[in-house]
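Novice: I need the structure of the sequence given here:
(one chain, ligands or ions: 1)
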Amino acid sequence: LNLAILISGRGSNMENILKAIKKNKIPIKPVLVIANKPDAKGLDIAKKLGVKTEIVESNGLKGGNWEYDSKLVSVLEKYKVTPQNGLICLAGFMRIMSPEFIRHYKGKILNIHPAILPSFPGLHSQRQALEYGVKYSGCTVHFVDEGVDTGPIILQAVVKIKDDDTEESIAKKILKQEHKIYPKAVKLFAKGKIKIVGRKTIIS
Ligand code: GRF
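Specialist: Okay, here's the model as predicted:
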């Protein structure tokens, strides 16, 4: 099984997944990290951890666009990340994937979202949670389908929101949970323990 991780920035989830794979001997090979921005901080971290990196620049091309996503597919194929033996983890990859890309890698794309879906999909979920006044929020690892943050849910983790929390403090505690559940989900996938049934997953 070959893993590619797609990032746009900091790459802390990417770093954490790469380290967990090594430490916990998760049966998957991280073959590639792709960034859509040349200055994505995570690129250096990936290199330091011995993982190949590629930049597929997206400047100007809007999300949900096959013109860009087909370039991703070419790069992924070059590194043998295929629908048969691949897993693609979106980790702070700030683009909507096109329906063509999602169909091509159906059931092989994971994403982490910083809220308890279906609450607060889209951007700035931590701010949305703060402004709504919820007492709990958290994060969700899910399969990517053709909607925005709508695919079958694999794992979720909850954090408590206190009266004096800010967008930053919420983001920080959610991120801590992201770092716990994303590697767990990768491990479940790598061990063939996740089955998609309709819009749900069953984990064995
Ligand atoms: C995370 O909060 C993730 O949930 C969201 O984007 C952020 C990425 O952070 N999709 P990092 O690049 O993994 O540090």
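
Novice: Enumerate the residues of the chain near the ligand.
Specialist: Where proximity means Cβ under 6 Å from any ligand atom, the interface of the chain facing the ligand comprises 7, 9-14, 91-92, 112-114, 175, 178. The way it works is simple: take the backbone N, C-alpha and C, and place the C-beta from them, glycine included.

Novice: So how do I select the buried members of those in PyMOL?
Specialist: Applied in PyMOL, the following selects the buried portion of the residues of the chain next to the ligand according to 16 or more other Cβ atoms under 10 Å:
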select buried, resi 7+9+11+12+13+14+91+92+112+113+114+175+178
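
Novice: Contacts only, for I5.
Specialist: With contacts defined as Cβ atoms under 8 Å, 6 or more residues apart in numbering, the neighbours of I5 are 14, 17-18, 30, 32-34, 46, 88-89, 91.

Novice: distance of D164 from Y136?
Specialist: Distance of D164 to Y136, computed by Cβ to Cβ, to the nearest Å: 16 Å.

Novice: Show only the entries of the residues of the chain next to the ligand found in helices.
Specialist: 12-14, 175, 178 (DSSP state H).

Novice: and this structure, what are its domains?
Specialist: 1-106, 112-204 (automatic domain parsing).

Novice: Save these as CSV, and put in mean pLDDT too.
Specialist: Converted to CSV, the domains of the chain look like this (pLDDT from 0 to 100):
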stretch, mean pLDDT
domain 1-106, 97
domain 112-204, 98
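
Novice: buried set for the strand or helix carrying R127?
Specialist: Element membership for R127, per DSSP states H and E: helix 125-132. Of the residues in helix 125-132, those with enough neighbours to count as buried (16+ other Cβ under 10 Å) are 125-126, 128-130.

Novice: What of stretch 54-61?
Specialist: Along stretch 54-61, these residues count as buried under the neighbour rule (16+ other Cβ under 10 Å): 54, 56, 58, 61.

Novice: circling back: what helices or strands is the helix holding R127 leaning on?
Specialist: With contacts taken as 3 or more Cβ pairs under 8 Å, 6 or more residues apart in numbering; DSSP states H and E, helix 125-132 sits against strand 136-143, helix 167-190.

Novice: if you set the cut-off to 7 Å instead, what comes out?
Specialist: Using 3 or more Cβ pairs under 7 Å, 6 or more residues apart in numbering; DSSP states H and E as the contact criterion, the secondary-structure elements in contact with helix 125-132 are helix 167-190.
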